[in-house]
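>>> Output the structure for:
(2 chains)
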Amino acid sequence: MFNPPTELLPTATNQSGTRTAAVPSVGGRTGIARILLSRDTVMIYALVAFVIYAALFIPRFASPVSTGFLLLDVIPALLIALPMTLVIITGEIDLSVASIAGLTSALMGVLWGAGLDIGPVLIISLIAGVLAGAFNGLLVAVLGLPSLAVTIGTLALFRGLALVVIGDNAVANFPPALTSFFTSKIGGTGIPTVMIGVILVAIIFGVVLHLTPFGRGLFALGYSKEAAIFVGIKVVRAKFWLYVASGSVSALAGIYWTLRYSSARSDNASGLELTVIAAVLLGGVSIFGGKGAIPGAIAGVLLIGTINFTLRLGRISDVVLIIVTGTLLIASVVAPSIFEGVTKWLHARRHRRTLPQASASGATRATASGVQERK
Amino acid sequence: MTLDTSPPATSETTTRRANGFAAVLRLREIPVTLALIALVTLTYMANPLFLSQQGVKDLLLNATIVIILSVGQAMVIVTRNVDLSIGSILGIVAFSTGTLFVTFPGIPIVLVFLAGMALGALLGSINGCLVTVAKVPSLVITLGTLYIYRGLNNAWAGGTQYFAGDRPDSFGALSVDTIAGFPVITLIAIVVVIIVAIFMASTRPGRDLYAIGSDPEAAKLFGIPVTRRVLLAFLSNGVLAGLAGVLYASRFNSVGATTGTGLEFDIIAAAVVGGVAIFGGSGTVIGAAIGALLLTTITSALTAIRVDKFWQQAIVGLLILAAIVIDRIARIRTAKKLRLSEARDV
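Residues are numbered from 1 along each chain as shown, chains lettered A, B, ... in the order given. So this is what the prediction gives:
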């Protein structure tokens, strides 16, 4: 049994059921301890710690105005991160999200410019997002094409369609009542009113992923597609609907973007896909699938958003911001890799000392050989 | 550990020879080449100016940098990895080229090329080291370095921009002068394609890259130094991105903090359109180069036949999807053939 060198824990622990129990970091903890020490909880600690630090030491951070701007800025990424978490947990990826947001925005601009009422404009734009997601779903889930390549293609296609729709025009004269609603705050708290909707969407995705059989199926799907098929998970259907969800939420983000900045352009939200993926991975979602959680992903988005915001408040120029994003991302994936290596080494050493005849048990033997392979 | 590779190699060549013509038809470069020929022919029929001397020169100039980048990217994708940071590498190298010429007026051009490629090699090998040593997927690592390299470039350049006037005329002439109708920088790209193609097709390390991409575990079992080879692929890609960065400074007027932003998906798209499978193990750098030529030619072709320029990106998207579907069909047919031939052998 060989561990592919480039792959991390999920596959390694699940090539055989016996090994899951042998890896201490997973099977050793139960109940509260497991929740308190899991990867995404650590992310939440990091977020809380950073917010406390910023509130204490960064002037002007702890104010309703700051909170408002911070949240208004992260909402698009926050929205898209939700379906992205589910998609990545199933072992796929969706790079076309920002292009779908751009397409939605362009469509809104043109329809509004053509004199439609705002209601139909919003509905048609949302439907466009649903269809774009369904197109991705058709190619990836139904036809079984690789999602990385497909969504690079649709990234170009949807952004291209946005250009076809609106060209290099910009539409800015959206109804003031609506645009001011999108930047309004709840009372004096500084929390944008739109956050209520965002939280609702987050709760829906969180419940679907963590509290329904469908959600558990997604994890199974990410671990092993074959196994998921055998236990009766409707793989094609599940993936298809995930892409539809991804398209719909991206459309919502596009609508929000258009109304928040009161500007419909073809290049709205461009490059957002990388920000979202970086944040989701930082939040502990494994790129191999099978591992991750909504709270972690949200913490990832908020952490990157908060760090960027405080750096800006601290007058550190924008240019350093992306270095921080990149470094955090790499550190967050390299650190568990090193941590895991150390844990395995310690585990193996303990086993050698306390259980000299441990090779009688299949599980331990598998772990021991796993350790040897890594050397 | 050295294992003898000759038996599989010879059996492969004999089967190739046995049905040479059929093998040519099965080549993965065929669809993209046909598409390119069809595109050029149709556009030429609609607008003969498209293939005028200046027209051809523009086509080649536009394609040069994308060709070099997609050849490098193809080497990485073949090993079942990907490098998203090339746009940022190109940006840093292009800016450092501008800086070199301003800081050391009269610096030999060869030295500038070497410096650019060395910087590219350094950045590429950082990617490679992180991917192989930390055993983290390249998609994540190079997404991180995409941001870091771009951030470094921003921090270094700030608002500074260098323009063509800051660089010696002989350097800019590289993308103006032609030899036998080919711009000099295009000739450089062609030499690169040939060298890398020979390396990938007929050297031991080159074939190893395919083996690693087809099945990393089997490659390791077989005794291939996977870590070293993957590192080599990333390093070579860095060198080529560095070369592209220097050529970018020659070809375009200004280099600054945002040079090369957002190139990554175009380059991967060029490789995929050229028949390089996104999950590694198959495809050639010549295919990737033709894919790059096709994608850049479409823009000029659409202008030549007066199609709204806004359609260009949508068409590129459709082409990528078509390439993926064609690849899948080819794969299914190969699998069917393999099953049949295995059944006969039993």
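>>> So residue A:313 sits against residue A:62, correct?
No - in this structure residue A:313 lies outside contact range of residue A:62 using CB atoms under 8 Å: 10.7 Å. In this view, the C-beta of every residue, glycine as well, is placed from N, C-alpha and C.
>>> Mind checking which of the two has more residues around it?
Between residue A:313 and residue A:62, counting by other CB atoms under 10 Å in any protein chain shown, residue A:313 is the more crowded of the two (16 against 13).
>>> now the more buried one: how far from chain B?
18 Å (CB to the nearest CB, to the nearest Å).
>>> Report the contact partners of that residue.
If you count contacts by CB atoms under 8 Å, 6 or more residues apart in numbering or on different chains, residue A:313 has them with A:58-61, A:66.
>>> how about the residues of the stretch 251-375 of chain A near chain B?
A:270-271, A:274, A:277-278, A:281, A:287-288, A:318-327, A:329-330, A:333-334, A:337-338 (CB under 8 Å from any CB of the partner chain).
>>> Of the residues you listed, select the buried ones using a PyMOL command.
Entered in PyMOL, the line below selects the buried ones among those, by 16 or more other CB atoms under 10 Å in any protein chain shown:
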select buried, chain A and resi 270+274+277+278+281+287+288+319+320+321+322+323+324+325+326+329+330+333+334
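>>> quick one: residue B:275 is in a strand?
No - with DSSP: H, G, I helix; E, B strand; the rest coil as the criterion, residue B:275 is coil rather than part of a strand.
>>> how much space between the residue lying closest to it once chain neighbours are set aside and residue B:320?
Among residues not flanking residue B:275 along the chain, residue B:28 sits closest, at 3.3 Å (CB to CB, 6 or more residues apart in numbering or on different chains). Applying CB to CB, to the nearest Å, the value for residue B:28 to residue B:320 is 15 Å.
>>> go on, residue A:150?
Look at residue A:150 and residue B:320: by CB to CB, they are 8 Å apart.
>>> and what of residue B:243?
From residue B:243 over to residue B:320 (counting by CB to CB), the distance is 25 Å.
>>> related to what we said a few turns ago, and the contacts of residue A:313, which are buried?
A:61, A:66.
>>> Out of the contacts of residue A:313, give me the two with the largest separation.
Of all pairs drawn from the contacts of residue A:313, the greatest distance, 10.2 Å, lies between A:59 and A:66 (CB to CB).
>>> How far does the longest helix along chain B sit from its chain's centre?
When chain B is parsed with DSSP state H, its longest helix is helix B:311-345. Mean-position distance between helix B:311-345 and its chain equals 21 Å (CA atoms, centre = their mean, to the nearest Å).
>>> Tell me the residues of the stretch 1-150 of chain B that contact chain A?
Going by CB under 8 Å from any CB, the residues of the stretch 1-150 of chain B near chain A are B:80, B:82, B:84, B:130-132, B:134-141, B:143-150.
>>> Helices - which of those land there?
Among those, the residues falling in helices (DSSP H) are B:130-132, B:138-141, B:143-150.
>>> which of the residues you listed sit farthest apart?
B:132 and B:150 (22.8 Å).
>>> what's near enough to touch residue 143?
Since you didn't name a chain, this refers to chain A. With contacts defined as CB under 8 Å, 6+ apart, residue A:143 is in contact with B:325, B:328.
>>> other chain: chain B
Residues near residue B:143 by CB under 8 Å, 6+ apart: A:274, A:277-278, A:281, A:326, A:329, B:84-85.
>>> between the contacts of residue A:313, which is closest to residue B:34?
Nearest to residue B:34 among the contacts of residue A:313: residue A:66, at 58.0 Å, using CB to CB.
>>> mind checking the SS state of that closest one?
Classification of residue A:66 using three-state DSSP returns helix.
>>> quick one: it and residue A:189 touch, right?
No - under the criterion of CB under 8 Å, residue A:66 makes no contact with residue A:189, lying 11.9 Å away.
>>> Is residue A:58 in contact with residue A:314, as I believe?
Yes - Residue A:58 is in contact with residue A:314 according to CB under 8 Å; the separation is 5.9 Å.
>>> does residue A:226 sit in a helix or strand, and which one?
In this assignment (DSSP states H and E), residue A:226 forms part of helix A:225-230.
>>> can you tell me if that helix touches chain B.
No - counting by CB under 8 Å from any CB, chain B has no neighbours in helix A:225-230; the shortest distance is 14.1 Å.
>>> That helix: which residues count as buried?
Neighbour count says helix A:225-230 has A:225, A:228 buried, by 16+ other CB under 10 Å.
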